[in-house]
Every structure is written in C-alpha cells, then in structure tokens.
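> would you be able to build a 3D model of this:
(2 chains)
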Amino acid sequence: KQEVTQIPAALSVPEGENLVLNCSFTDSAIYNLQWFRQDPGKGLTSLLLIQSSQREQTSGRLNASLDKSSGRSTLYIAASQPGDSATYLCAVRTSGGSNYKLTFGKGTLLTVNP
Amino acid sequence: DAGVIQSPRHEVTEMGQEVTLRCKPISGHDYLFWYRQTMMRGLELLIYFNNNVPIDDSGMPEDRFSAKMPNASFSTLKIQPSEPRDSAVYFCASSRQGATGELFFGEGSRLTVL
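Numbers count the residues shown, from 1 in each chain, chains lettered A, B, ... in the order given. Here you go, the predicted structure:
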C-alpha cells in the first residue's frame, strides 16, 4: 500500500528566504507526482505535475524534483513571499492496471512572515 | 473555463438526514473523483468514475454512501442516513487522460452533521 509522508508538518520562514518542502513515498512504481497548494477553506490548486520519466518541473519561483528510485520529491520555493503562505500537499499516482489512485500526504503548513 | 463546480459549499444537517452533494466537472474531462478531507485522516479517495462509469469505490466508507454520475457533466455523492462522523470537507476533482492527467479540484463542500 502506497504511503506518502511530508516533512516538516509545519514551517515558518521570513520573507525572501528560499525553502524546500519534502515528500517521500514507499512504493516507487509511480505514474506521476503532483504538488498542490491549499489555502484555508479552499480547494486544492495544482502547482506542478511530474511524470515518472521526468526529473524536475519548474513554474516561476517553484521547482519540483523527483527521484523515483529513492522515493522522494522536493518542492523548492525561491524568494518566498507572504502570499506563499498555505498548506502544500504532494500526491502520488501509483501505477497498476487500470487503477489510477492518487495518494496524498498530510501536507506542510507554510507560513511566510513579512 | 469555470473549473470544477461543487454545491452546496456548506451544509449543516441533523443526524439521520439525507445529504446530497453535487459536482460539475470541467468540460472534456473523462475522470471524476470524490475525496473526503478531515484533520485526522487527511485526503481520502472515496470513489472515481471514468466516462461516467464507477471504476473503484473501495474507499466508500459504508453502504450509507452512494455516488452516481448520470452524464458527463454531473455527479452526486449521497449520504443516507448521515452521522456526526461524516462531518468533513468533500471534494470533487476531475482530470483527463487518466493516469497522466493533471487533477483539478473544486472548492469543496463542508458538511457538518449535528
């Protein structure tokens, strides 16, 4: 059974700092991995999708990497801003027949202080 | 595109009552997912559909829960009878291209069962 772990559970940083959020998964036979952002009381917003054949994806100040063999992904946020404050979740889609389940981590609550 | 649309956004009901949550996926998306989010358990997949057909309902908690997708633009999740432990935020999400597709979430329906 796929399990996804995110460390740390919460992170507080001053504005302008570069930071890394971590995601690990137990079953490396994945199809892809997706990073989401969730603001309080809102739905999940997709940030980056990395296919299993890719090593990284970039969007603006965000960069996500994937090391499938070690079961790890990182989300790098450059020059953090207060508007980046949110919960960040990673989700892994495990391959296997026609089953396309996404397994989510519990998320990292990020607070960027002005 | 309007994105995934869910209704109602908030529902407060009494134990034993029937609850119906609604979802309109993004046009052209052929996969639809229902998730439940709680503080304790995080995001859990309840059921997903492909081309309006239920594919995996192993996450549905018990017979009190049922989901339908009568056409490509509408799905419902019904709880009958509702119980206090059903209180959670229920999310609908859609994607295309199955396992490779990026997942898009609605804003969620917050259910409180008294």
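> how close does the residue nearest to A:Ala9 when sequence neighbours are not counted get to B:Val89?
Closest residue to A:Ala9 apart from its sequence neighbours, by C-beta to C-beta, 6 or more residues apart in numbering or on different chains: A:Thr108 at 6.4 Å. Yep, even glycine has a C-beta here, placed from its N, CA and C like the rest. For A:Thr108, the distance to B:Val89 (C-beta to C-beta, to the nearest Å) stands at 19 Å.
> what residues are up against the residue nearest to A:Ala9?
A:Gln6, A:Ile7, A:Pro8, A:Ala9, A:Ala10, A:Leu11, A:Leu21, A:Asn22, A:Thr87, A:Tyr88, A:Leu89 (C-beta atoms under 8 Å, 6 or more residues apart in numbering or on different chains).
> please pick the buried ones from the residues you listed.
A:Gln6, A:Leu11, A:Leu21, A:Thr87, A:Tyr88, A:Leu89 (16 or more other C-beta atoms under 10 Å in any protein chain shown).
> quick check: the second one vs A:Ala79, distance?
Which is A:Leu11. Note on A:Leu11: its distance to A:Ala79, by C-beta to C-beta, is 16 Å.
> get me the contact residues on chain A for chain B.
Neighbours of chain B within chain A, by C-beta under 8 Å from any C-beta of the partner chain: A:31-32, A:34, A:36, A:41-46, A:49, A:51, A:89, A:91, A:93, A:95, A:98-102, A:104-107.
> put the buried members of those into a PyMOL selection.
Typed into PyMOL, the line below selects the buried ones among these, using 16+ other C-beta under 10 Å:
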select buried, chain A and resi 31+32+34+36+43+44+46+49+89+91+93+100+101+102+104+105+106+107
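> so which of the residues of chain A next to chain B belong to strands?
A:31-32, A:34, A:36, A:44-46, A:49, A:51, A:89, A:91, A:93, A:102, A:104 (DSSP state E).
> determine which two of the residues you listed are furthest apart.
A:Tyr31 and A:Thr45 (20.8 Å; C-beta to C-beta).
> returning to what we had before: for the residue nearest to A:Ala9, give me the pLDDT.
Model confidence at A:Thr108, expressed as pLDDT, equals 97.
> A:Ala29 now?
Reported pLDDT for A:Ala29: 88.
> and B:Leu103, by the same measure?
89.
> same question, the one 4 residues further on
According to the predicted model, the pLDDT of B:Glu107 comes to 94.
> likewise B:Tyr31?
Value for B:Tyr31, per-residue pLDDT: 91.
> so what does the spatially closest residue to it that is not a sequence neighbour look like in phi/psi?
Excluding the flanking residues, the one nearest B:Tyr31 by C-beta to C-beta, 6+ apart is B:Ser95, at 4.8 Å. Torsion angles at B:Ser95 (phi, psi; degrees, to the nearest 10) stand at phi -160, psi 170.
> quick one: B:Ser95 and B:Asn50 touch, right?
No - the pair B:Ser95 / B:Asn50 is not scored as a contact, 10.1 Å apart, by C-beta atoms under 8 Å.
> which stretches of chain A have low pLDDT?
A:96-99 (pLDDT under 70).
> what residues does chain B put near chain A?
By the rule C-beta under 8 Å from any C-beta, the part of chain B lying against chain A is B:4, B:31, B:33, B:42-43, B:45, B:48, B:55-56, B:91, B:93, B:98-100, B:102-108, B:110.
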